[in-house]
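Undergrad: Output the structure for:
(chains A, B, C, D and E)
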Amino acid sequence: MRKSTGLLLTFMALLSVGSSQAQQANMDAKPPMAMPDMTKILTAPGVFGNFSTYKVRPDYYKLSMAERKGAAAEVVAVVEKYKDKVKAEAYLTRGFEAQSDFFLRIHSYDMAATQAFLVDFRATRFGMNAEVTENLVGMTKDLNYITKDKSPNLNAGLTGATYRDATPRYAFVIPVKKNADWWNLTDEQRLKEMETHTLPTLANLVNVKRKLYHSTGLDDTDFITYFETADLGAFNNLMLALAKVPENKYHVRWGSPTVLGTIQSFDSVVNTLSMGR
Amino acid sequence: MRKSTGLLLTFMALLSVGSSQAQQANMDAKPPMAMPDMTKILTAPGVFGNFSTYKVRPDYYKLSMAERKGAAAEVVAVVEKYKDKVKAEAYLTRGFEAQSDFFLRIHSYDMAATQAFLVDFRATRFGMNAEVTENLVGMTKDLNYITKDKSPNLNAGLTGATYRDATPRYAFVIPVKKNADWWNLTDEQRLKEMETHTLPTLANLVNVKRKLYHSTGLDDTDFITYFETADLGAFNNLMLALAKVPENKYHVRWGSPTVLGTIQSFDSVVNTLSMGR
Amino acid sequence: MRKSTGLLLTFMALLSVGSSQAQQANMDAKPPMAMPDMTKILTAPGVFGNFSTYKVRPDYYKLSMAERKGAAAEVVAVVEKYKDKVKAEAYLTRGFEAQSDFFLRIHSYDMAATQAFLVDFRATRFGMNAEVTENLVGMTKDLNYITKDKSPNLNAGLTGATYRDATPRYAFVIPVKKNADWWNLTDEQRLKEMETHTLPTLANLVNVKRKLYHSTGLDDTDFITYFETADLGAFNNLMLALAKVPENKYHVRWGSPTVLGTIQSFDSVVNTLSMGR
Amino acid sequence: MRKSTGLLLTFMALLSVGSSQAQQANMDAKPPMAMPDMTKILTAPGVFGNFSTYKVRPDYYKLSMAERKGAAAEVVAVVEKYKDKVKAEAYLTRGFEAQSDFFLRIHSYDMAATQAFLVDFRATRFGMNAEVTENLVGMTKDLNYITKDKSPNLNAGLTGATYRDATPRYAFVIPVKKNADWWNLTDEQRLKEMETHTLPTLANLVNVKRKLYHSTGLDDTDFITYFETADLGAFNNLMLALAKVPENKYHVRWGSPTVLGTIQSFDSVVNTLSMGR
Amino acid sequence: MRKSTGLLLTFMALLSVGSSQAQQANMDAKPPMAMPDMTKILTAPGVFGNFSTYKVRPDYYKLSMAERKGAAAEVVAVVEKYKDKVKAEAYLTRGFEAQSDFFLRIHSYDMAATQAFLVDFRATRFGMNAEVTENLVGMTKDLNYITKDKSPNLNAGLTGATYRDATPRYAFVIPVKKNADWWNLTDEQRLKEMETHTLPTLANLVNVKRKLYHSTGLDDTDFITYFETADLGAFNNLMLALAKVPENKYHVRWGSPTVLGTIQSFDSVVNTLSMGR
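TA: Below is the predicted model:
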């Protein structure tokens, strides 16, 4: 019988590291019970991001126009009720997507708060007539690869590049899943691929804003990538650049769905989708 | 014509082993006809686990609020009726999943008892308006690989590691299916991979509870893995660690779906999903 | 221009064999126009097997309880009407499967008789509210590989092994499709793989009954495998043994769906699914 | 900069060939504006074949029995109206297929005539309650590979073999798509594979009628294969023979769906599916 | 720690190029705020193409014939309202496709204008009863590979070849997605493949019109290819030629769906689909 003493010694070493890592994640995920700091929710690590797409049911249009007119106010009241715990944003996808009419991006420091918000949203007249067609959850983390320590020059490039275009009108949500070969690379090998990935994209940070959510195990994807832009041609060029690096060979999911929406207020999304005879 | 005498001799040897194994499984699966011991149902081998996800039909919300208010009591009565045969737990997934609003985890020593319970659940006002969207069945078994005999140190690590975090609020159900190459490895090769798999996960037993169900042939998956945690960041780290071991290369299904829910009482799940105008 | 004279000569030889094989299949498939022998329908070659799964539509439960109470008698009358041509069996899957509430296994010597039966079943009050979710057709044939001639010892093992457990309560339907590499093996190579496949399963014939249907070209599967057991643990062990032989590497479909039901009378299935407010 | 002069010279040569081929296809596809010759529509090249499968909506059975009784006459009137332009045939699949209750095979010399017919069919009481679940389009062409010139002996075999069995009762529609490796073989290599494919099937021409439609680019398949038989066992043997030749390794789609129906009149199909309370 | 100074220098060079490219795309995508030039919308680069397929809901046919008669005028009014910003075309797919009854092709210089048009279309009586079943977005760009500089002779061939057949009656929409291996080829390698791809298709420009839209990152496809023809046989030949070049080996999506429709006015499409009792 083969004994795994050596392995376990390694484990003991890993355990102490592992525990402190776990505690770190813990810290990120559990802010002090005091009021969450909503001003940092779009930049802090340890924040939960929730993306859900919806299709309005035909039954909604059987409600009278008068009933539909009150729908937006009801939804906005839910957003207002949760504003100290949950940051909620709405996007119109009708005309761009077959599987949805709109999508929501929800941030909170506590995934259960996000659930409470979405449960309340679904209990509104509008939400009750919205069929959920996709739902992806993830969380923000500190940079993994292109850090000051590991890749200082590219990190400076990332930090220095700032968006200089008109106010973005369009947003994209694109899930990314990598295969087992990717995850079985060494950290150093993955760092090298990420550098090759990062370099050709720096030029596009002028025209495209990006945000990354980690999802391994939390959902059937490894990452949720979110983009905003005013320039769809520049976004297409950015994605072509990413298609042309070796990292692309490790993708088992990149999109599916690719969700494109226009950035709008909740009020505008609900009113637009309430039109019709 | 090639004769298979040698093969058959081998078979005769296998048969005696096979039979005793079959008898063993038999023993596990058929407890004495006396009352099943419900206190051990979450720890004993030979217990059947049944995971079903549901989406509430829009028609449910056409019932009056008064009718929906009585729904939870009706469901709780079914749970109570079966409490000596079936352990039933409920989880809220609305806001996390597109394909479901809630899921059930049912344990019993007799799969037919589970069916009887679910048939009764479906005959309640709430159950009749719940569309089943996924259903996975499996059974518990004794440890296969990391046993005291085969891998004593890791077994000690597994036995010694205990959950030390806050009461879990979240549960995950993740099916796992392995390819033919995995199953065609020798027992020794699979043991080695499972050791490599186990080592980096020990650190996370502090933050994540786990339970394993075997499903080969019982359903279109080999395993159903179930997790509880209070710390979603720690869970994400655990799953990343599992992605980085060679065993991951043998996966043909890992998730699809990954189901995330909050741990709640039946009463709470039904009442929450009964809200709305 | 390359000429295929040699090929055609080979063909002429094949043709005579082919024709007699075709005639044989013909004989199997077309019993004398006299009354079909229903006592041999579960053991004879040349019998058509038809497996269909159904989900009861929500509309069914809008019928009054009184109307639903009459449903079983109507279905049983159809079964009775066809009893000299069609052997029909029913299984309850609710609580085990997301895609179905029940399934039917239909045998006949004439596929058109099966169609006539199912058309009549669908015209009953219950059948009209049953959505077909899967339908697989196949036919029985004489043993191909593990015959007395080709593999006498294993054949003896197969013939000698008999079911010795309690009356089966559970049935499984599992379609199997093999890839082009399998079908391009020589007969001798496939025989060898089937021997390796058969050996570890003999032990389980004590606990699991099996029946095989051939479907290549008749449906999108090569085989439909059907099992009955009283011991789900033994069945899981049998399927694990089959996963561990090289033949598994040739599978492109093994399950998808795996359908598990409890063995019941038509009366019981219809009445059970007619419950509810 | 690399110049492609040589390539273009080759192109000039190809162009003249290409054009004449295109003109030829043109000729096939556009018969003189005079009355199309309906007597040759099942044998001529350049004919369009359209296969559509349908599932009767539950709403159909909410029409009164009296209304459903008039449905067949209305459908038959549409068939009659188009009889000089469109050959329409109907097949009953209920009891064999989950995705359909019946399918139509439509032939015309002008795809737009087929569309006009199907639009009119869908405007009948029956057609309005039929959900299209699959639709495949293709066209007939002269033999490509097993021609008198390229493979004279096999061509003679094909020409000589004639159907000698009872009137077919069953029809199959099976789409076939081949991978890029197949299409990148040389013509000579593909001819060789087709000869190997054809040889073992000659024996079955006695029991199975076949017809081939070409679909590359017209639909998501390369071919639609259509079969008629009175002997399902012989058909299964034919398909097994085709599975066992190397050409099978190039298939990315073979079936999916495999559609099996009984050959019936429109009147019979509509009346059969109109039964029920 | 490996430093990426060299990489960053390369990046600085790329950045200047990248920025000017991005600006170029910018220019294309953002026409001067003056009236868009609708006369060039089918030939200019930087134009957005939107393809959406629809299935008419059964509920539409529950409207009275009188109500359905007014539907076309309402739709035509929306087309008219947007005629200075959006070019909208309609195609009838009923009878050819299972997933749709019609599709729309919309061009604009501003994707948000396309969305506004489609939102208004969906708010008409007809649009409200049309279920979107597919939606693909892309944009036009200048030629990438077969340019005057890179491939002068083929470019001349492309420019010189003009459509000489009857007015097209049929249109095809076929999405194309390429794998990571394709995108990781060098520009020179891709140019070579595109030359090999272009050569055999020149002959078909006489019978088939083509238009290309770029979609990488904008949707789950890399390209949307659009074709018009009067000659379906010639189109089939063109697609066979494209199947036979090595580029085909890099396809992960080619079709799925392949959408075939007849070219019609909005008025005709709506009226045709409004028929029925």
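Undergrad: ok and the residue in the stretch 101-250 of chain A nearest chain C?
TA: In the stretch 101-250 of chain A, the residue found nearest to chain C is residue A:131; the distance is 15.9 Å by Cβ to the nearest Cβ. Every residue, glycine included, has its C-beta placed from N, CA and C.
Undergrad: and what of the stretch 1-150 of chain A?
TA: residue A:59 (14.8 Å).
Undergrad: For stretch A:77-91, buried residues please.
TA: By neighbour count with 16 or more other Cβ atoms under 10 Å in any protein chain shown, stretch A:77-91 contains the buried residues A:78-79, A:82, A:85-91.
Undergrad: Could you do stretch A:178-196 as well?
TA: Using 16+ other Cβ under 10 Å as the test for burial, stretch A:178-196 gives A:178-180, A:182-184, A:190-195.
Undergrad: what does stretch A:38-50 give?
TA: Buried, per 16+ other Cβ under 10 Å, within stretch A:38-50: A:41, A:44-50.
Undergrad: now those in JSON lines, with distance to chain C, pLDDT and secondary structure?
TA: Output for the buried residues of stretch A:38-50, formatted as JSON lines (distance: Cβ to the nearest Cβ, whole Å; pLDDT from 0 to 100; DSSP: H, G, I helix; E, B strand; the rest coil):
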{"residue": "A:41", "distance to chain C": "37", "pLDDT": "97", "secondary structure": "coil"}
{"residue": "A:44", "distance to chain C": "39", "pLDDT": "97", "secondary structure": "coil"}
{"residue": "A:45", "distance to chain C": "37", "pLDDT": "97", "secondary structure": "coil"}
{"residue": "A:46", "distance to chain C": "35", "pLDDT": "97", "secondary structure": "coil"}
{"residue": "A:47", "distance to chain C": "34", "pLDDT": "98", "secondary structure": "coil"}
{"residue": "A:48", "distance to chain C": "28", "pLDDT": "98", "secondary structure": "strand"}
{"residue": "A:49", "distance to chain C": "29", "pLDDT": "98", "secondary structure": "strand"}
{"residue": "A:50", "distance to chain C": "25", "pLDDT": "98", "secondary structure": "strand"}
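Undergrad: Quick one: low-confidence residue ranges for the stretch 51-200 of chain A.
TA: In the prediction, the stretch 51-200 of chain A carries no residues with pLDDT under 70.
Undergrad: so residue A:141 makes contact with residue A:47?
TA: No. Using Cβ atoms under 8 Å, residue A:141 makes no contact with residue A:47, being 9.4 Å away.
Undergrad: ok, back up a step: which of the buried residues of stretch A:77-91 fall in strands?
TA: A:86-91 (DSSP state E).
Undergrad: ok, which pair from these is furthest apart?
TA: Of all pairs drawn from these, the widest gap by Cβ to Cβ lies between A:86 and A:91 and measures 16.2 Å.
Undergrad: Can you tell me how far the residue of the stretch 1-150 of chain A closest to chain C is from chain D?
TA: Distance from residue A:59 to chain D, counting by Cβ to the nearest Cβ, to the nearest Å: 16 Å.
Undergrad: now that residue, what's its secondary structure?
TA: helix (DSSP: H, G, I helix; E, B strand; the rest coil).
Undergrad: What of residue A:36?
TA: Of the three states, residue A:36 takes coil according to three-state DSSP.
Undergrad: Excluding chain neighbours, what is closest to it?
TA: Leaving aside its sequence neighbours, residue A:36 sits nearest to residue A:109 (Cβ to Cβ, 6 or more residues apart in numbering or on different chains; 4.5 Å).
Undergrad: Relative to chain D, how far out is that neighbour?
TA: Taken as Cβ to the nearest Cβ, the span from residue A:109 to chain D is 47 Å.
Undergrad: On the strand side of things, show who the spatially closest residue to residue A:266 that is not a sequence neighbour bridges to.
TA: Distance criterion Cβ to Cβ, 6+ apart; nearest residue to residue A:266, sequence neighbours excluded, is residue A:90 at 4.5 Å. Counting by DSSP bridges, residue A:90 forms beta bridges with residue A:104, residue A:264.
Undergrad: what sits against residue A:90?
TA: A:102-104, A:264-266, A:268-270 (Cβ atoms under 8 Å, 6 or more residues apart in numbering or on different chains).
Undergrad: Please, where are all the helices along the stretch 1-150 of chain A?
TA: A:5-29, A:65-69, A:71-81, A:111-122, A:125-128 (DSSP state H, counting those that start in this stretch).
Undergrad: which other residues reach the last one?
TA: It refers to helix A:125-128. A:60, A:63, A:67, A:70-72, A:74-75, A:121-122, A:270, A:273-274, B:58, B:61, B:276-277.
Undergrad: what about the residue in chain A that chain B sits nearest to, neighbour count?
TA: Per Cβ to the nearest Cβ, residue A:217 is where chain A lies closest to chain B, at 2.5 Å. A count of nearby residues for residue A:217, using other Cβ atoms under 10 Å in any protein chain shown, gives 25.
Undergrad: where does residue A:165 land in three-state SS?
TA: Applying three-state DSSP: residue A:165 is coil.
Undergrad: Could you double-check that it lies in contact with residue A:204?
TA: No. Under the criterion of Cβ under 8 Å, residue A:165 makes no contact with residue A:204, lying 10.2 Å away.
Undergrad: Which residue ranges make up the domains of chain A?
TA: For chain A, the structural domains run A:48-137+A:267-275, A:152-262, going by automatic domain parsing.
Undergrad: Right, I'll leave it there.
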